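>>> coordinates only, no sequence provided:
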């Protein structure tokens with residue numbers, strides 16, 4: 001949260017009063033979700049390239065959990081604070097209305113309905129960089145928009161920019177019932193792929209409702225035996241060794257490892273990604289991993305799918321601002337289905 005104020009950082013009309021307080025979820029150290037509390041804090045002071053958003057709803061994703069816990073420790077070294085979080089308010093995904101804009105902002109005006117990635121979205125107001133926001137599609141509710149940006153653009157980039165999926169290709173999505181997976185299934189179908197989704201038996205109904213052509217219970221057998229081979233495998237937070245994943249790939253197929261779950265407390269699951277990257281030049285298959293780029297150009301691409309209804313965010317659970325800890329605990333325990341949303345303004349959350 002910015003604290004400096006200069007003439008160049010003054011905002012145009014619409015900003016709430018400078019002495020106004022807001023309710024927000026806060027943390028003063030790294031730890032489990034139980035360290036989070038709700039408190040009255042000052043509103044963010046936006047920079048010249050930022051907007052101030054009246055938050056209607058915010059999303060829950062694995063990235064927030066990493067920033068709350070500070071694990072793996074590489075997260076802390078990436079600029080988020082070594083001993084404690086630099087930003088005491090967690091939350092990334094956001095949807096709401098613009099109430100103030102910095103002097104350098106050109107893409108938004110006060111009153112615009114937006115979605116994207118903010119700086120501390122578990123609050124009544126949040127600052128966000130202009131280049132990390134897009135206009136909310138008119139037919140999309142705030143709750144749906146609030147869970148779309150991070151998971152949606154990650155799935156979109158994995159399938160198109162890295163996986164280069166083509167119509168009629170066979171695509172395997174591992175972790176299909178989670179946030180990124182639920183978007184990956186729908187986007188792959190929208191792009192004309194034949195999609196096989198891997199999820200637990202308890203979440204198979206959700207994945208089928210997203211349009212998967214086939215659903216595999218990951219506990220029912222060896223779905224990577226090689227009996228069926230795929231043009232593209234999107235492995236979202238899985239723990240399968242690269243050699244096992246290769247067995248299910250066609251000779252010229254592509255593996256895209258998304259995220260870095262599992263592994264130790266220092267580097268997390270990054271070791272598996274590095275092994276894939278090192279092996280790739282020596283085999284006919286393309287073995288890749290990536291970190292999504294958080295830019296409005298990807299959000300606008302995603303917004304086209306959201307606006308047409310080809311992709312619908314799979315919101316399964318709703319929590320209030322006082323229950324963020326419970327929402328993160330559910331995610332950590334693996335009980336979350338699709339996306340979980342934090343409703344900040346109940347009276348406006350269901351208005352598209």
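Right, received. Where do you want to start? Just so it is clear, the structure is predicted and the values come from calculations on it, not from any experiment.
>>> tell me where the protein has helices.
62-69, 74-75, 142-146, 149-156, 179-190, 204-209, 242-247, 270-279, 296-308, 324-332, 346-349 (DSSP state H).
>>> so which of these gets nearest residue 231?
helix 179-190 (10.9 Å; Cβ to Cβ). From N, CA and C alone the C-beta is placed, and that goes for glycine too.
>>> average model confidence for the closest one?
For helix 179-190, mean pLDDT rounds to 97.
>>> next: stretch 48-57.
98.
>>> and that stretch, which residues are buried?
Buried residues in stretch 48-57, counted by 16 or more other Cβ atoms under 10 Å: 49, 50, 51, 52, 53, 54, 55, 56, 57.
>>> likewise stretch 273-283?
Quick answer for stretch 273-283 (16+ other Cβ under 10 Å): 273, 275, 276, 280.
>>> residue 187 touches residue 159, doesn't it?
Yes - using Cβ atoms under 8 Å, residue 187 is in contact with residue 159, at 5.6 Å.
>>> who has more neighbours, the two?
residue 187 (26 against 23; other Cβ atoms under 10 Å).
>>> ok, that one - contacts?
Residues near residue 187 by Cβ atoms under 8 Å, 6 or more residues apart in numbering: 152, 155, 156, 159, 305, 311.
>>> mind running it again at 7 Å?
Counting by Cβ atoms under 7 Å, 6 or more residues apart in numbering, residue 187 touches 155, 156, 159, 305, 311.
>>> okay, residue 232: pLDDT?
98.
>>> no, scratch that, I was asking about residue 74
At residue 74, pLDDT is 77.
>>> neighbours of it, just the number please.
Using other Cβ under 10 Å: residue 74 sits among 15 other residues.
>>> any idea how far it is from residue 186?
31 Å (Cβ to Cβ, to the nearest Å).
>>> same check on residue 87?
31 Å.
>>> who has more neighbours out of those two?
Shown here are residue 87 and residue 186; by other Cβ under 10 Å, residue 186 has more neighbours (23 against 17).
>>> how about that one, nearest residue that isn't a chain neighbour?
The shortest distance from residue 186 to any non-neighbouring residue, by Cβ to Cβ, 6 or more residues apart in numbering, is to residue 311 (4.5 Å).
>>> next up, the contacts around that neighbour.
Shown in contact with residue 311 (Cβ under 7 Å, 6+ apart): 183, 186, 187, 190, 305.
>>> so the last one makes contact with residue 191?
No - judged on Cβ atoms under 7 Å, residue 305 makes no contact with residue 191 at a distance of 9.5 Å.
>>> just checking, which helix or strand of this structure averages the lowest pLDDT?
helix 346-349 (a mean of 65; mean pLDDT, DSSP states H and E).
>>> which residue ranges of the stretch 101-250 of the chain form strands?
113-117, 125-129, 133-135, 170-174, 194-199, 214-217, 230-236, 249-258 (DSSP state E, counting those that start in this stretch).
>>> got those as JSON lines, with mean neighbour count columns?
Shown next, in JSON lines, are the strands of the stretch 101-250 of the chain (neighbours: other Cβ atoms under 10 Å):
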{"stretch": "strand 113-117", "mean neighbour count": "26"}
{"stretch": "strand 125-129", "mean neighbour count": "26"}
{"stretch": "strand 133-135", "mean neighbour count": "23"}
{"stretch": "strand 170-174", "mean neighbour count": "27"}
{"stretch": "strand 194-199", "mean neighbour count": "25"}
{"stretch": "strand 214-217", "mean neighbour count": "18"}
{"stretch": "strand 230-236", "mean neighbour count": "26"}
{"stretch": "strand 249-258", "mean neighbour count": "20"}
